[in-house]
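**Student:** Pasting a predicted model and its sequence here:
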Protein chains: 2
Amino acid sequence: MNKKIVLRDDQMPLQWYNVVPDLPGGLKPPLDPETKEPMGPEKLAAIFPMALLEQEMSAERFVDIPEEVLDILKIWRPSPLVRATTLEKALNTKAKIYFKNEGVSPVGSHKPNTAVAQAYYNAREGIKRIATETGAGQWGSALSLATNKFGLECKVYMVRVSFEQKPYRKSIMHAYGANVVASPSEETNTGRAIREKLPDTPGSLGIAISEAIEDAATREDTNYSLGSVLNHVILHQSIIGLEAKTQMEIAGDYPDVIIGCCGGGSNFAGLAVPFVPDYLEGKKIRFIGTEPASCPTLTGGELTWDFGDTAQTTPLLYMHTLGHDFIPPGIHAGGLRYHGMAPIVSAMVRDKIVEPIRLQQLECFQAGVLFAQTEGIIPAPETCHAIRGAIIEATREPDEPKTILFNFSGHGLIDMASYDKYFAGELEDFDYPTEQIAESMAKLPKL
Amino acid sequence: MNKKIVLRDDQMPLQWYNVVPDLPGGLKPPLDPETKEPMGPEKLAAIFPMALLEQEMSAERFVDIPEEVLDILKIWRPSPLVRATTLEKALNTKAKIYFKNEGVSPVGSHKPNTAVAQAYYNAREGIKRIATETGAGQWGSALSLATNKFGLECKVYMVRVSFEQKPYRKSIMHAYGANVVASPSEETNTGRAIREKLPDTPGSLGIAISEAIEDAATREDTNYSLGSVLNHVILHQSIIGLEAKTQMEIAGDYPDVIIGCCGGGSNFAGLAVPFVPDYLEGKKIRFIGTEPASCPTLTGGELTWDFGDTAQTTPLLYMHTLGHDFIPPGIHAGGLRYHGMAPIVSAMVRDKIVEPIRLQQLECFQAGVLFAQTEGIIPAPETCHAIRGAIIEATREPDEPKTILFNFSGHGLIDMASYDKYFAGELEDFDYPTEQIAESMAKLPKL
């Protein structure tokens, strides 16, 4: 039996899939924070290229993938679909578990799928420099790789705690020629203001986003780039699920359950959305998004209008949020520490297509170690949340021969410090952050 | 055009290729250090399983790969063959450059190819525990992965300087359940003796080998495992070249030049040996082994009998050596810091099949950064030596449309500290270690 299904370069999807026109309840467009009116592309054109804004608002179900983008994705794509046979045996389950291995990219995660596309469109429209934020460093690495391929400069505002604790990530960005600074930094008004108020802050993704947007908005040659949340990001990530559909077909199988971990929502949605049309036509599929108990955006937040960043500079997005001021307690899955959630994923939760579940970090690391010791690959801490979800599904009714597909969003080789803490017994589960959520929800913008 | 050639699981080679019977000048068997007579398998059976000893001495050209081994290799194999089109453009060369990407394994290098086979044969013969050494940590990670798959305990003696400078490697071994200790350690007579004499020694691969062999020789349940140098290791690594041959055929091409970096010789030989029969039948192929100027085993050593380890406990191998006492100056390609060379590679140099060339570390890091910024993948410092070799060949006669194939033995994501030093200008080239070589060569065993 084939352990995994690989595709040739010439079997790659030639179009991305846009789920927005298929969402039963539709999607509310972003609002201008000043006028509270729907925001047209002209105002956002200061920080995004027109091609991406068109994709952001597109009602087309399919969008051609430019050849220049495909050429770079082919460095590692199509990614393998692997049957986790050894994990199945260890769990003593009749469920079949498949995973899509996005860890094979040069930076070890799914993030370059959209980074390459975003760098391409920016370069095509004459932009010379891109500013962005990064939490754990996965997104910054991905964008550094992508901008370098198109001859763009890259400026990365990296959440301070990660900047200090994850030096390898910084080095990877340097190898791709990027300029990396700890956030809050001295280089923006937002950064300086926060440093004055909170000199010891570990930083947050919300703060780093504000800095990157300010950088892009104040420089003519510079645009901004976001690694998750937005519609065009999920469009680009749909390549994961499109490949997986072809691969499942070759395997002669079809998923009953599709699982991914949710930070901003892009890796989960990237795998899930291409299966949504089948679901809407009556196919029984359960979509499960797993999130950390310390940052429970989908299970503990509210679906409402909020800013994407701390400094309240982004448009208002209609999404699940814990409040733009929410700073989650320090869990080691840095990529899941975001107060908001992609509007697309939020809408799918609202429409009862997606079931969110909340997980503690110890059960997730335990799942990750079991995965490493069965399937041989060490998962990123974020990915451990998807694996834990798959294990819960596979062992809930172990005699039911269901087919589970999850997104292996990235490997953990660059996050081993978290595993060290786990093995040393230094990690603990978190109480539900009731007070922090109440405090930040009180600061939601009034409409 | 396809950027890379991938094979399906069911296109994997089912047999390894053993080059020994095809070597024109033959191979001298190892000698018993006490009697100076050829050493039979019985004495080595204390630390190796019979199946591996049979492979070590085998005159068969092909050996079946056990299904249990294939099943585990399929986690990441067959590995992709990639055309380095962007690098070619940057070099302005008409040469075609292909690389075999062994960085896709779960630990990021080619090492698990033999680790899995070795763990399998040990487990099949009832062994419960394996002791080994590791330099930079690539081999220790690979064996930890492999032993874990077969339920064996794993004890790794890790060269002290790497143990301290590469904590992530240690964590990876822990994730696979291995027990790792800095070498020289307090756990063996060899280790204790060296610590008493040289309390501040950074350790060396030769010392760590001695410790692991002592561990294995003094415990009934324990065998020893070596990650390079030996014939059976190169047999297992031949899967690299066997796959590459099939892939080059699919690409409609054939290599004029085959290049690999040489530490113990196994990644280079693994790619090269399956092409040797064609060479012997008259096909024009140049085989180039690249080595660091600070540890110039092939270009500065002598082909003679020497021990594989510092404590003089191994059989005497007929190989290129700088003397078993040689401790190279600190270069950052830890995997290339070995005083000896695989007898198979040594014989191929003697028979003028392989041309060795010597490279400085700065030119290699420069090549590695160029590779990262063209092909998108950050190479391990060892692999930079192969890339530098490929660049030299591609730019020597840039108008000649030759086909170059090199082994991308591993990615550098876990070795970014070396790149940091390179970017900070803290690395320098080394003078040829004339005195150290003379000193250690004076201590070669007398026959």
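**Tutor:** On my side now, so go ahead.
**Student:** and the closest residue to chain B within the stretch 201-350 of chain A, what is it in contact with?
**Tutor:** Nearest residue of the stretch 201-350 of chain A to chain B, counting by CB to the nearest CB: residue A:250, 9.6 Å away. Where C-beta positions appear, they are placed from N, C-alpha and C, glycine not excepted. Shown in contact with residue A:250 (CB atoms under 8 Å, 6 or more residues apart in numbering or on different chains): residue A:5.
**Student:** Would it be right to say that it lies in a helix?
**Tutor:** Yes. Counting by DSSP: H, G, I helix; E, B strand; the rest coil, residue A:250 is located in a helix.
**Student:** what about it, distance to residue B:447?
**Tutor:** According to CB to CB, to the nearest Å, residue A:250 and residue B:447 sit 59 Å apart.
**Student:** so what's the residue of the stretch 201-350 of chain A closest to chain B scoring on pLDDT?
**Tutor:** We have a pLDDT of 97 for residue A:250.
**Student:** just residue A:40 next, same as before
**Tutor:** At residue A:40, pLDDT is 84.
**Student:** Next one: it relative to residue A:103, how far apart?
**Tutor:** In this view, residue A:40 and residue A:103 are 39 Å apart by CB to CB.
**Student:** Of those two, give the one with the bigger neighbour count.
**Tutor:** The neighbour comparison of residue A:40 against residue A:103 (other CB atoms under 10 Å in any protein chain shown) goes to residue A:103, with 26 against 13.
**Student:** wait, what's in contact with the more buried one?
**Tutor:** Residue A:103 neighbours (CB under 8 Å, 6+ apart): A:109, A:377, A:379-380, A:383, A:408-411.
**Student:** repeat for residue A:336
**Tutor:** With CB under 8 Å, 6+ apart, residue A:336 has these contacts: A:261-263, A:291-292, A:295, A:382, A:385.
**Student:** can you rerun that using 7 Å?
**Tutor:** By CB atoms under 7 Å, 6 or more residues apart in numbering or on different chains, the residues touching residue A:336 are A:261, A:263, A:291-292, A:295, A:382, A:385.
**Student:** what's the answer for residue A:41, then?
**Tutor:** When contacts are counted by CB under 7 Å, 6+ apart, residue A:41 touches A:50, A:53, A:57.
**Student:** and with 10 Å instead?
**Tutor:** A:48, A:50, A:52-54, A:56-57 (CB atoms under 10 Å, 6 or more residues apart in numbering or on different chains).
**Student:** mind putting the residues you listed in JSON lines, distance to residue A:351 included?
**Tutor:** JSON lines is the format used below for the contacts of residue A:41 (distance: CB to CB, whole Å):
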{"residue": "A:48", "distance to residue A:351": "27"}
{"residue": "A:50", "distance to residue A:351": "30"}
{"residue": "A:52", "distance to residue A:351": "25"}
{"residue": "A:53", "distance to residue A:351": "25"}
{"residue": "A:54", "distance to residue A:351": "25"}
{"residue": "A:56", "distance to residue A:351": "20"}
{"residue": "A:57", "distance to residue A:351": "20"}
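**Student:** Let's see which of those residues end up in helices.
**Tutor:** If you go by DSSP state H, the contacts of residue A:41 have A:50, A:52-54, A:56-57 in helices.
**Student:** Derive a PyMOL selection command for the buried subset of those residues.
**Tutor:** To isolate the buried members of the ones in helices among the contacts of residue A:41 in PyMOL, using 16 or more other CB atoms under 10 Å in any protein chain shown:
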select buried, chain A and resi 52+53+56+57
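**Student:** In CSV: the ones in helices among the contacts of residue A:41, plus pLDDT and distance to chain B.
**Tutor:** What follows is the ones in helices among the contacts of residue A:41, written out as CSV (pLDDT from 0 to 100; distance: CB to the nearest CB, whole Å):
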residue, pLDDT, distance to chain B
A:50, 97, 27
A:52, 98, 22
A:53, 97, 27
A:54, 97, 27
A:56, 97, 26
A:57, 95, 31
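**Student:** Out of the contacts of residue A:41, which is nearest to residue B:404?
**Tutor:** Among the contacts of residue A:41, residue A:52 lies closest to residue B:404 (CB to CB), at 38.4 Å.
**Student:** Looks like the closest one contacts residue A:123 (just checking).
**Tutor:** No. The criterion here is CB atoms under 10 Å, and residue A:52 misses it with residue A:123 at 12.0 Å.
**Student:** residue contacts, the residue lying closest to residue A:226 once chain neighbours are set aside?
**Tutor:** Nearest in space to residue A:226, with sequence neighbours left out and distances taken as CB to CB, 6 or more residues apart in numbering or on different chains, is residue A:233 at 6.6 Å. Applying CB under 10 Å, 6+ apart, we find residue A:233 in contact with A:52, A:55-56, A:111, A:113-115, A:117-118, A:225-227, A:264-266, A:269-270, A:342, A:344.
**Student:** which SSE is residue A:233 in?
**Tutor:** Taking DSSP states H and E as the criterion, residue A:233 maps to helix A:231-251.
**Student:** Partner strands of the next helix or strand after that helix, with direction?
**Tutor:** Later in the chain than helix A:231-251, the nearest helix or strand by DSSP H and E is strand A:257-261. Partner strands for strand A:257-261, per DSSP bridges, with pairing direction: strand A:286-292 (parallel), strand A:403-408 (parallel).
**Student:** what's the offset of strand A:257-261 from the middle of its chain?
**Tutor:** Strand A:257-261 has its C-alpha centroid displaced from the chain centroid by 13 Å (CA atoms, centre = their mean, to the nearest Å).
**Student:** Just the CA atoms of that strand, as CSV, please.
**Tutor:** The C-alpha trace of strand A:257-261 is given here as CSV (Å, rounded to 0.1, in the frame of the first residue of the first chain):
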residue,chain,number,x,y,z
VAL,A,257,-14.2,14.8,9.2
ILE,A,258,-11.8,17.7,8.3
ILE,A,259,-9.7,19.3,11.0
GLY,A,260,-7.3,22.2,11.4
CYS,A,261,-5.9,24.4,14.1
